[in-house]
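Chemist: Would you be able to build a 3D model of this:
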Amino acid sequence: MNDIVVEAQWRKLLATADGPDWLVEGFPRLVRAAYAEPRLRQLYPWTGMWELHFSRCTQWRHTWDIPYASPRQGGGYRVDGPGRSQHVGEVDTADEAMAMVVARLPPGCGPAFTGNALELAQHERTQNIG
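Modeler: Predicted coordinates for the structure are as follows:
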């Protein structure tokens, strides 16, 4: 079931990325580059403030243990996180940004868990994960 939810969210983002309504240049390339990466494609993507985030669960409240990326004004991309105060780096291409995210995925990351972050944490405790 979680793979259906995750794929539906990716399809929604990709359909929007291919449309004419993006206000921030570079964001559609970021979405497509993320989808092309198998380790990210199994996570639940969500967006906010022109940032592309990835969650280990499919429902709000999402996990905040994976870096996220955004287009930079004037070109290029910025990778931050997983927390708001953590800056990873800045690169020229969406592919480079996604490589930075993948390099910092938590061990055993994915596929996304059906549920929210609290339910995921409870599941991991019962399974002795993390």
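Chemist: which SSE is the spatially most central residue of the chain in?
Modeler: Residue closest to the mean C-alpha point of the chain, counted by C-alpha atoms, centre = their mean, is F54 at 2.3 Å. Using DSSP states H and E, F54 sits within strand 51-55.
Chemist: which residues are in contact with that strand?
Modeler: Strand 51-55 is contacted by residues 27, 30-31, 34, 40, 43-47, 62-63, 66, 68-70, 80, 101, 112, 117 when judged by C-beta atoms under 8 Å, 6 or more residues apart in numbering. Using the backbone N, CA and C atoms, a C-beta is placed for each residue, glycine as well.
Chemist: May I have the helix or strand just after it as CSV, with CA atoms only?
Modeler: As assigned by DSSP H and E, the chain's next helix or strand after strand 51-55 is strand 68-71. This file holds the C-alpha atoms of strand 68-71, laid out as CSV (Å, rounded to 0.1, in the frame of the first residue of the first chain):
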residue,chain,number,x,y,z
TYR,A,68,16.2,18.7,1.5
ALA,A,69,17.0,20.9,-1.5
SER,A,70,15.8,24.1,-3.1
PRO,A,71,16.7,26.2,-6.2
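Chemist: what's the offset of strand 68-71 from the middle of its chain?
Modeler: Here strand 68-71 is found 9 Å from its chain centre; the criterion is C-alpha atoms, centre = their mean, to the nearest Å.
Chemist: hang on, the earlier thing: would you mind naming the residues that bridge with the residue nearest to the centre of the chain?
Modeler: For F54, the beta-bridge partners under DSSP bridges are P45.
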